[in-house]
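S.K.: Predicted coordinates and the sequence they were generated for:
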Amino acid sequence: MAKAFEQPIYVTRPLLPDIEDVTERLKTVWDSRQLTNFGKQHDELSRQLKTYLEVGHISMFSNGTLALLLGLKALKLTGEVITTPFTFPATVQALDWNNLTPVFCDIDPVTFNIDADKIEALITEKTSAILAVHVFGNPCEVEKIQAIADKHGLKVIYDGAHAFGSKINGVPISSFGDMTMFSFHATKLFNTIEGGALAYSDPALDRQLDLLRNFGIASAEEVVLSGLNAKMNEVQAGVGLEVLKVIEEERHKRHAVKKAYEENLAEIQGIRVLTVLDGQSSSYQYFVIEIDEAVFGRSRNAVHKELQKYNVFARKYFYPLCSDFDWYSELPSARPEHLPHAQQAVQQVLAMPYYGDLPISSVAEICGIIRELYVTQKSLSQI
Ligand code: T4K
């Protein structure tokens, strides 16, 4: 019989660099008295991320949501944007704040990303862009999406909040589309406590984004557009520089955790592992499973609840579906009958505890709880 964990096990824990290294870096920030507004830490992190992510241009923000919101603004989009309902609220809220109407497209039942084959049918004369999400770090069908965009003159933006460091056949994920957003929230593999960035290749976007994240200020005497305050400060950037040093070690640890999950779950019928990328391409952001109630015998909700009794706090990412938000109830594309795979995913997907310091023995115990549920259910159904 499995036993409850003494301490709660959360879906993730932030990757923390050595506090002494952080303190040392903070001392330099204190000495400089430059706390925000594009100081040395900001510029150094920006330079290092450009190399790490292999991107042409990068612009950093106080969080990923504002990065996406202002990225969409910089692209001067209008009308409708085709997107996925199976994502974190921030993706579609960034559209709302730009007065853009989301047009929800169903997802692929295997990758849970936007179904590229269903995009074209949703294009109207009002469509200006496709906003796709690399859900859980698994890449979208970038070539298909680009071909559709080129054919119809649309922009492509990727929400890569989960895809820091992901690659597609060795090519960095931000090489695709007009722009990719990364989130550096505390719960992300690479974190600056709160933070985010946009990666892109068009140099003309540099100035536009500089203005948008800093009140539209062009010079001491010139304000040229209506911007926001979305700057990454020096403490965030300084923490990021220290986190960047420990990220490879964390990726190795997460690789071992991922393998342990895969081995322990392999023989349980009705459980599918969703995060499929190999070590080279994975962002190691989440470890996610899909539970098929008809085969496993218990629903995702039941497993989620049962794990809590053992002090294990897996998460129903993403629940509820964005298309089910009240304020979209009048949108034809939000109707459940148009989104059958998304409606299924939202009932079946569970993000398991996943971080480098999660002991392999705990992974085995968590999987043991799931196996017990399966076995118990199976024997009950045979009575
Ligand atoms: N697009 C997508 C696809 C996203 O997933 C996100 C964010 C965004 C855009 C927006 O990017 P940001 O603006 O956030 O940069 C968390 C994160 O807050 C959010 O960043 C993330 N996605 C989302 C998937 O997860 P919650 O509401 O689940 O967070 P919370 O506070 O419940 O944290 C989860 C667990 O992590 C806790 O149970 C314990 C642990 N934790 C959390 C924090 C904050 C810690 O151990 N320490 C901490 O400091 O949203």
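M.R.: Perfect, thanks for sending it.
S.K.: From the ligand, how far off is residue 235?
M.R.: From residue 235 across to the ligand, the span is 15 Å (Cβ to the nearest ligand atom, to the nearest Å). Quick note: C-beta positions are derived from backbone N, CA and C, even for glycine.
S.K.: Tell me if residue 2 really is in a helix.
M.R.: No: counting by DSSP: H, G, I helix; E, B strand; the rest coil, residue 2 falls outside a helix, being coil.
S.K.: quick one: it and residue 373 touch, right?
M.R.: No: under the criterion of Cβ atoms under 8 Å, residue 2 is not in contact with residue 373, lying 9.4 Å apart.
S.K.: For the two, indicate the residue with more neighbours.
M.R.: Per other Cβ atoms under 10 Å, whichever of residue 2 and residue 373 has more neighbours is residue 373, with 20 against 16.
S.K.: Give me the phi and psi for that one.
M.R.: phi -60, psi -40 (degrees, to the nearest 10).
S.K.: what's the spacing between it and residue 291?
M.R.: 10 Å (Cβ to Cβ, to the nearest Å).
S.K.: Quickly list what's touching both of these two.
M.R.: 298, 303 (Cβ atoms under 8 Å, 6 or more residues apart in numbering).
S.K.: Mind listing the strands the one helix or strand residue 289 maps to pairs with, and their directions?
M.R.: Following DSSP states H and E, one finds residue 289 within strand 287-291. Using DSSP bridges, the strands paired with strand 287-291 are strand 271-273 (antiparallel), strand 349-352 (antiparallel).
S.K.: Include distance to residue 39 when you put the ones you listed into a markdown table, please.
M.R.: Below are these laid out as a markdown table (distance: least, Cβ to Cβ, whole Å):
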| stretch | distance to residue 39 |
| --- | --- |
| strand 271-273 | 43 |
| strand 349-352 | 36 |
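S.K.: Of all these, which one comes closest to residue 199?
M.R.: strand 349-352 (24.6 Å; Cβ to Cβ).
S.K.: and that closest one, how far from the chain's centre?
M.R.: Mean-position distance between strand 349-352 and its chain equals 14 Å (Cα atoms, centre = their mean, to the nearest Å).
S.K.: Any part of it near the ligand?
M.R.: No: no part of strand 349-352 sits near the ligand under the criterion Cβ under 6 Å from any ligand atom; the closest distance found is 8.1 Å.
S.K.: mind saving the C-alpha coords of that strand as PDB?
M.R.: What follows is strand 349-352, C-alpha atoms only, in PDB (Å, rounded to 0.1, in the frame of the first residue of the first chain):
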ATOM      1  CA  VAL A 349      -4.600  15.700 -19.300                       C
ATOM      2  CA  LEU A 350      -2.600  15.900 -16.100                       C
ATOM      3  CA  ALA A 351       0.800  17.700 -15.500                       C
ATOM      4  CA  MET A 352       2.800  15.500 -13.000                       C
END
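S.K.: ok, and what's touching it?
M.R.: 11, 112, 136, 261, 274, 286-291, 300, 303-304, 314-318, 366.
S.K.: got a list of what the residue of the chain found nearest the ligand touches?
M.R.: Scanning the chain for proximity to the ligand using Cβ to the nearest ligand atom identifies residue 64 as nearest, at 2.8 Å. Residue 64 makes contact with 90, 161, 181-185, 195-197, according to Cβ under 8 Å, 6+ apart.
S.K.: Identify those among those residues that sit within strands.
M.R.: Among these, the ones falling in strands (DSSP state E) are 181-183, 196-197.
S.K.: Can you lay out those residues as JSON lines showing distance to residue 360 and pLDDT?
M.R.: Listed next are the ones in strands among the contacts of residue 64 as JSON lines, based on distance: Cβ to Cβ, whole Å; pLDDT from 0 to 100:
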{"residue": "181", "distance to residue 360": "33", "pLDDT": "98"}
{"residue": "182", "distance to residue 360": "29", "pLDDT": "98"}
{"residue": "183", "distance to residue 360": "27", "pLDDT": "98"}
{"residue": "196", "distance to residue 360": "32", "pLDDT": "98"}
{"residue": "197", "distance to residue 360": "32", "pLDDT": "98"}
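S.K.: What parts of the stretch 51-200 of the chain come near the ligand?
M.R.: 63-65, 87-88, 90-91, 133, 159, 161-162, 183, 185-187, 196.
S.K.: try 5 Å
M.R.: Residues of the stretch 51-200 of the chain lying close to the ligand (Cβ under 5 Å from any ligand atom) are 63-65, 87-88, 90-91, 159, 161, 183, 185-187, 196.
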